[in-house]
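In: using only what follows, build the 3D model:
(chains A and B)
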There are 2 protein chains.
Amino acid sequence: MHKLLATDYMALAIAQAQRGGPATYTNPQVGAVLVKAGQVIASGYHQRFGGDHAEVATLKQVTAAMAQGATLYVTLEPCSHFGKTPPCCRRVVAAGIKKVVIGQLDPHPIVAGRGRDYLQQHGVQVETGCLTTQVEALNPHYNWFYRQQRPWITLKAAVTIDGKLNAQAQQRSLISNQASYLDSQQLRSQSQAILIGAHTLAVDDPALTVRLQALAHPPVRLVLATTSQVAVGKQLVKPSDVPTYLLCRQATANDAIVTAAPNVHVLIDDWTPAKISAWCAKQGWQSLLVEGGSQVQAEFVAAGLVDEVILYLAPMLFGGQALPLVQGVATAKPLQFQAPRLTQLGDNVKLQWQRKVDA
Amino acid sequence: MHKLLATDYMALAIAQAQRGGPATYTNPQVGAVLVKAGQVIASGYHQRFGGDHAEVATLKQVTAAMAQGATLYVTLEPCSHFGKTPPCCRRVVAAGIKKVVIGQLDPHPIVAGRGRDYLQQHGVQVETGCLTTQVEALNPHYNWFYRQQRPWITLKAAVTIDGKLNAQAQQRSLISNQASYLDSQQLRSQSQAILIGAHTLAVDDPALTVRLQALAHPPVRLVLATTSQVAVGKQLVKPSDVPTYLLCRQATANDAIVTAAPNVHVLIDDWTPAKISAWCAKQGWQSLLVEGGSQVQAEFVAAGLVDEVILYLAPMLFGGQALPLVQGVATAKPLQFQAPRLTQLGDNVKLQWQRKVDA
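Out: Numbering: from 1, shown residues only, chains lettered A, B, ... in the order given. This next block holds a predicted model:
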């Protein structure tokens, strides 16, 4: 019989974790498997925000006798605090688990090693750091958020070969193909907030919704604008279950008009990318998808607040008067990224660059 | 014993043809193999501009008795005219070749089926159209030139993620990595003319030479400018073996200064991309590599004279005041391209798009 290794069990736990998907919302995707005498006797995952943690979902599947003396493989450190559910590490100790193998420690300050410590202090053997890269990739935004105290910021756009957003500044152009459209909807479903600028609102009048799947926690919609005038009569200010925040620099009489719907709010401040990022962090949003247009993107580039760029590149040339992807405020020093990940989507190409950490 | 098929012999002829490389200059790359009783008894290729054609190079390797009754596989239709060498189809007939398998007919109007006809009229069996796609790919510029009566025009640039050529308009930026640089030198070696605009000449002062290999026929250098003033003191107007043409819209006293070197010429006309293309065609140049900057590229896009775009994409963002890849004159209708070919070059990506033929 083929003997499974610790990394095999962790890979199974990762596969469990991935079943959670966007439903875990600001909670991490976590998976677990319970192993006794070399046999997987149970597995589970965190299914949705507010639901059972992976450890509990797993332990629920076995009798007390079965759990006694077993080894638990879990992608993330068991929690040590009373939150929406009681702390998992107490449950693990109470179940008589002999050993816990942890994929990564929880960067959330409320846990941050306390789960591991509790287990060790109560006689449970603990190993940490199994398949770390793959485990970390389950929750890149969550990890980033608690380590950097700000959301992971992604600039996303569909552009032509010549790096243009629109054939003309005042006109919306259809650029990406159906495969890119579907992929970008997926991208939205993995984001907790989406930001556009006033120009994009005026020209595109987008709904910024995720149209392909029902999400319990769809991304909130943010607009950066001088005043709320640009939003009058637009789709984003219609009554809906999805909150819309108009981040305006000046209050006007239009504020009362656009906030007629209970889900729409106007916030007046001298908004900068740094202020937006800090405000999103305060709301607990771990990821911000900046969907343009050029001027908003130029502001985030200038502020150095770009952790990832995702482009859907369409096989067209728009020419010398078309609207560039990034145009507006100057950037003092180029931002450096790592080698991109490439995905061919029909005649489009998806390119994803993550920021160089040391740059 | 494994029996080779006609396509196998043609594949061998293609491999022969590729050995010619840029040395064949405006002549096509052509390869041939001679087969008798299922055995390859000779092979050859067109080695250099003015040298033996592939058929002759191949037939020279065998005795008259060996050639008698053999089958010749040749990537391009044997020529029918007295050029730098006597017509190959006469030589083939004289050698007693029984059958000729031709990869593609020669689009050159001086041949264009006459070689095939001559062979057939003299009792040689002829088959045409073997591995056509691969055979055509040996000489894309040559084929295009004789079918369209103009050069194949490639727009080439090294750009950032945000589609910028330079961090600032008046300053040269280092964008691409060493692998991209080497590849772009290779690209130059496959071109017969390179064009830049006045702004690129002023800011970059490029030599536009192929620095990695000695070429018998390096690409000529073209500059599109209002007057020749921008070229005074620049590398391009130094005495050299490589011709430089300054395509100016107005004559000035600087013309005499910059044409001091015998290889430098000033041509005054109301130059447009269409005029440049037609003039290159008259010179017999089958390929034109447009290396920018933004305004020259905008003119070629607006004129619809872009057959291919090659970008070296570097993992940086330059921001809102940087110089876009294409900027200037407007384009009435977007140009459409096919799905790109992608090559990862370290942290850079090379993207190649060819024009959609029906667009």
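In: what comes up buried for stretch A:249-268?
Out: For stretch A:249-268, the neighbour count (16 or more other Cβ atoms under 10 Å in any protein chain shown) marks A:254-255, A:257-259, A:263-264, A:266 as buried. Quick note: C-beta positions are derived from backbone N, CA and C, even for glycine.
In: could I get these as JSON lines with distance to chain B, pLDDT and secondary structure?
Out: Shown next, in JSON lines, are the buried residues of stretch A:249-268 (distance: Cβ to the nearest Cβ, whole Å; pLDDT from 0 to 100; DSSP: H, G, I helix; E, B strand; the rest coil):
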{"residue": "A:Asn254", "distance to chain B": "27", "pLDDT": "95", "secondary structure": "helix"}
{"residue": "A:Asp255", "distance to chain B": "28", "pLDDT": "95", "secondary structure": "helix"}
{"residue": "A:Ile257", "distance to chain B": "31", "pLDDT": "95", "secondary structure": "helix"}
{"residue": "A:Val258", "distance to chain B": "28", "pLDDT": "94", "secondary structure": "helix"}
{"residue": "A:Thr259", "distance to chain B": "31", "pLDDT": "95", "secondary structure": "coil"}
{"residue": "A:Asn263", "distance to chain B": "32", "pLDDT": "95", "secondary structure": "coil"}
{"residue": "A:Val264", "distance to chain B": "29", "pLDDT": "96", "secondary structure": "strand"}
{"residue": "A:Val266", "distance to chain B": "26", "pLDDT": "97", "secondary structure": "strand"}
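In: and those residues, which two are furthest apart?
Out: A:Asn254 and A:Asn263 (16.9 Å; Cβ to Cβ).
In: if we can go back for a sec, between the buried residues of stretch A:249-268, which sits nearest A:Tyr142?
Out: Of those, the one sitting nearest to A:Tyr142 (Cβ to Cβ) turns out to be A:Asn263, at 25.4 Å.
In: phi, psi for that closest one please.
Out: When read as degrees, to the nearest 10, the backbone of A:Asn263 gives phi -90, psi 0.
In: okay but it is in contact with A:Ser240, surely?
Out: Yes. Taking Cβ atoms under 8 Å as the contact criterion, A:Asn263 and A:Ser240 are neighbours in contact, 5.4 Å apart.
In: distance of A:Gln213 from chain B?
Out: Using Cβ to the nearest Cβ, to the nearest Å, A:Gln213 is found at 28 Å from chain B.
In: how many neighbours does that residue have?
Out: When neighbours are counted by other Cβ atoms under 10 Å in any protein chain shown, A:Gln213 registers 12.
In: next one: A:Ala94
Out: For A:Ala94, the neighbour count with other Cβ under 10 Å is 12.
In: tell me how far stretch A:316-333 is from the chain's mean position?
Out: With Cα atoms, centre = their mean, to the nearest Å as the basis, stretch A:316-333 stands 27 Å off its chain's centre.
In: try stretch A:344-359
Out: 17 Å.
In: ok, and for it, which residues are buried?
Out: A:345, A:347-355.
In: one more: stretch A:114-128?
Out: By neighbour count on 16+ other Cβ under 10 Å, the buried set for stretch A:114-128 is A:114-116, A:118-119, A:124, A:126.
In: residues touching A:Gln354, list them.
Out: A:307-308, A:337-338 (Cβ atoms under 8 Å, 6 or more residues apart in numbering or on different chains).
In: no, scratch that, I was asking about A:Lys275
Out: A:Asp269.
In: quick check: the residue of the stretch 151-300 of chain A nearest chain B.
Out: Closest contact between the stretch 151-300 of chain A and chain B, by Cβ to the nearest Cβ, is at A:Gly163 (2.0 Å).
In: phi, psi of that residue?
Out: According to degrees, to the nearest 10, A:Gly163 has phi 70, psi 40.
In: pLDDT value on it, please?
Out: Looking at A:Gly163, its pLDDT is 96.
In: what about the closest residue to it other than its chain neighbours, how many neighbours?
Out: What sits nearest to A:Gly163 in space, not counting adjacent residues and going by Cβ to Cβ, 6 or more residues apart in numbering or on different chains, is B:Gly163, at 2.0 Å. Around B:Gly163 there are 28 other residues, counting by other Cβ under 10 Å.
In: and if you look at A:Thr63?
Out: A:Thr63 sits with 8 neighbouring residues when counted by other Cβ under 10 Å.
In: what's the answer for the one 10 residues further on, then?
Out: Neighbour count of A:Tyr73, defined by other Cβ under 10 Å: 30.
In: what strand or helix carries it?
Out: Assigned by DSSP states H and E, A:Tyr73 belongs to strand A:71-76.
In: contacts for that strand?
Out: For strand A:71-76, using Cβ under 8 Å, 6+ apart, the contacting residues are A:6, A:9-10, A:12-14, A:17, A:28-36, A:54-55, A:58, A:92, A:97-104, A:106, A:130, A:135, A:138-139.
In: sheet partners, orientation included, of that strand?
Out: strand A:31-36 (antiparallel), strand A:99-104 (parallel) (DSSP bridges).
In: next structured bit after the first one?
Out: Spelled out, that is strand A:31-36. Moving toward the C-terminus from strand A:31-36, the next helix or strand (DSSP H and E) is strand A:39-45.
In: quick one: list the elements packing against that following strand.
Out: helix A:6-18, strand A:31-36, helix A:54-59 (3 or more Cβ pairs under 8 Å, 6 or more residues apart in numbering or on different chains; DSSP states H and E).
In: need those in TSV (columns: mean neighbour count).
Out: Formatted as TSV, those follow (neighbours: other Cβ atoms under 10 Å in any protein chain shown):
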stretch	mean neighbour count
helix A:6-18	20
strand A:31-36	26
helix A:54-59	25
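In: adding distance to B:Pro206, write the ones you listed out as JSON lines.
Out: Listed next are these as JSON lines, based on distance: least, Cβ to Cβ, whole Å:
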{"stretch": "helix A:6-18", "distance to B:Pro206": "50"}
{"stretch": "strand A:31-36", "distance to B:Pro206": "56"}
{"stretch": "helix A:54-59", "distance to B:Pro206": "59"}
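In: need the ones you listed in CSV (columns: distance to B:Tyr181 and mean pLDDT).
Out: Below are the helices and strands packed on strand A:39-45 laid out as CSV (distance: least, Cβ to Cβ, whole Å; pLDDT from 0 to 100):
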stretch, distance to B:Tyr181, mean pLDDT
helix A:6-18, 40, 93
strand A:31-36, 46, 95
helix A:54-59, 49, 89
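In: before we move on, back to that, can I get the contacts of A:Gln354 in CSV including secondary structure?
Out: Converted to CSV, the contacts of A:Gln354 look like this (DSSP: H, G, I helix; E, B strand; the rest coil):
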residue, secondary structure
A:Asp307, coil
A:Glu308, strand
A:Phe337, strand
A:Gln338, coil
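In: any of the residues you listed buried? List them.
Out: A:307-308, A:337.
In: which intervals of chain A have sub-threshold pLDDT?
Out: A:1, A:84-85, A:358-359 (pLDDT under 70).
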